[in-house]
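K.L.:
give me a model of this one.
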Amino acid sequence: ALLCEMAGQRVEAAHTCSLKLVAAASLVEKRTGYLGMVQMVAPGHSTMLLAVATVQRDLHSGNFIEVCTALSATAKLLTVEELTVGVVDTVFGLTVHPHFQ
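P.N.:
Model (predicted):
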């Protein structure tokens with residue numbers, strides 16, 4: 001799907017597959033899904049509205065790798081409107097460390 005997208009062909013079905021991978025429990029599948037979203041889905045696309053809830057859940061995860069992956073995807077995928085839905089408060093909360101206040 002990535003090769004087809006890079007060749008200029010629209011592969012809308014792959015957006016849904018990437019979204020399913022982002023919601024998976026496995027860290028490898030989750031990272032693969034975020035990679036697919038970053039490479040194939042344009043910021044502001046309707047698929048991103050569906051991914052905001054998953055990004056929020058990953059930002060609240062206890063696994064720091066999931067949090068870092070979600071932060072990377074947030075920086076590359078979400079527009080200002082999508083960030084104000086509730087992601088921005090979580091991101092600011094992650095930048096504060098209790099020992100350095």
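
K.L.:
ok, and what's touching the helix or strand harbouring residue 76?
P.N.:
Per DSSP states H and E, residue 76 falls inside helix 64-77. With contacts defined as C-beta atoms under 8 Å, 6 or more residues apart in numbering, helix 64-77 is touched by 22, 27, 30-31, 34, 37-38, 41, 43, 48, 51, 55, 58-59, 61, 83, 87, 91, 94. For every residue, glycine as well, the C-beta is placed using N, CA and C.

K.L.:
in that helix, what counts as buried?
P.N.:
66, 67, 69, 70, 71, 73, 74, 77 (16 or more other C-beta atoms under 10 Å).

K.L.:
which regions of the chain sit below the pLDDT cut-off?
P.N.:
1-7, 82, 85, 97, 99-101 (pLDDT under 70).

K.L.:
now do the helices in it.
P.N.:
2-6, 12-22, 27-40, 46-59, 64-77, 80-83, 87-94 (DSSP state H).

K.L.:
and the angle from the fourth one to helix 64-77?
P.N.:
Here the directions of helix 46-59 and helix 64-77 differ by 150 degrees (axes from the mean of the first three to the mean of the last three C-alpha atoms, to 10 degrees).

K.L.:
what's helix 46-59 packed up against?
P.N.:
Counting contacts by 3 or more C-beta pairs under 8 Å, 6 or more residues apart in numbering; DSSP states H and E, helix 46-59 is packed against helix 12-22, helix 27-40, helix 64-77, helix 80-83, helix 87-94.

K.L.:
sorry, back to before: closest to residue 12 among the buried residues of helix 64-77?
P.N.:
residue 77 (16.4 Å; C-beta to C-beta).

K.L.:
for residue 9, see how far away the residue nearest the centre of the chain is.
P.N.:
Nearest to the mean C-alpha position of the chain, counting by C-alpha atoms, centre = their mean, stands residue 73 at 4.1 Å. Separation of residue 73 from residue 9 (C-beta to C-beta, to the nearest Å) stands at 23 Å.
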